[in-house]
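Q: Provide a 3D model corresponding to the input given below.
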Amino acid sequence: MLFVWADVVDRYPRGDRVVVVVYGGSTIIDPTWELRLVSGTGLATREWDLGCINPDTSSFSGVERGGPDGLWVSVSGQVVEIGLDGETGRPDSVISAGC
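A: Prediction:
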């Protein structure tokens, strides 16, 4: 899938060392939200893909911390739990909602 990057739409949770950055963009035809997990600071910053949501088929409501090693992502009225590796912060799964 070719994703055309656009602006940062939002960041969740705010004020934490681990944040999910939401980018608004498109796959040429359809608008999408691309979710990226960013952890750490400075030279220790790491970034991982958390998935893609197509607003034509799914809704995105936000992200909350699900304890020290997890995130809760609200997609189409359901909460998707994503585990995070305790050492690296790497997510154990990604979201694919209509992309």
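Q: bridging residues for residue 74?
A: Beta bridges link residue 74 to residue 62, residue 79 when assigned by DSSP bridges.
Q: Residue 47: what's it in contact with?
A: 36-39 (CB atoms under 8 Å, 6 or more residues apart in numbering). To be clear about C-beta, it is placed using only N, CA and C from the backbone, and glycine gets the same treatment.
Q: Secondary structure element holding the residue sitting nearest the centre point of the chain?
A: Centroid check for the chain by CA atoms, centre = their mean gives residue 35 as the closest residue, at 2.8 Å. Taking DSSP states H and E as the definition, one finds residue 35 inside strand 31-39.
Q: Can you name the next helix or strand after that strand?
A: Next along from strand 31-39, by DSSP H and E: strand 46-53.
Q: what mean pLDDT would you report for that next one?
A: What strand 46-53 shows for mean pLDDT is 90.
Q: Given it, what are its sheet partners and their directions?
A: strand 31-39 (antiparallel), strand 95-97 (parallel).
Q: Just the C-alpha atoms of that strand, please, in CSV.
A: Output in CSV follows, covering the C-alpha atoms of strand 46-53 (Å, rounded to 0.1, in the frame of the first residue of the first chain):
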residue,chain,number,x,y,z
ARG,A,46,12.3,4.4,18.8
GLU,A,47,9.3,4.4,16.4
TRP,A,48,7.0,1.5,15.3
ASP,A,49,4.0,1.1,13.1
LEU,A,50,0.8,0.6,15.0
GLY,A,51,-1.5,0.4,11.9
CYS,A,52,-3.8,2.1,9.6
ILE,A,53,-7.5,3.1,9.9
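Q: for it, the distance to its chain's centre please.
A: How far strand 46-53 lies from its chain's middle: 5 Å, per CA atoms, centre = their mean, to the nearest Å.
Q: buried ones in that strand?
A: 48, 50-53 (16 or more other CB atoms under 10 Å).
Q: returning to what we had before: show residues contacting the strand holding residue 35.
A: By CB under 8 Å, 6+ apart, strand 31-39 touches 3, 5, 9, 17-26, 45-56, 60, 63, 71, 73, 84, 89, 91, 95, 99.
Q: Repeat the analysis, applying 7 Å as the threshold.
A: By CB atoms under 7 Å, 6 or more residues apart in numbering, the surrounding residues in contact with strand 31-39 are 3, 9, 17-26, 45-55, 60, 89, 91, 95, 99.
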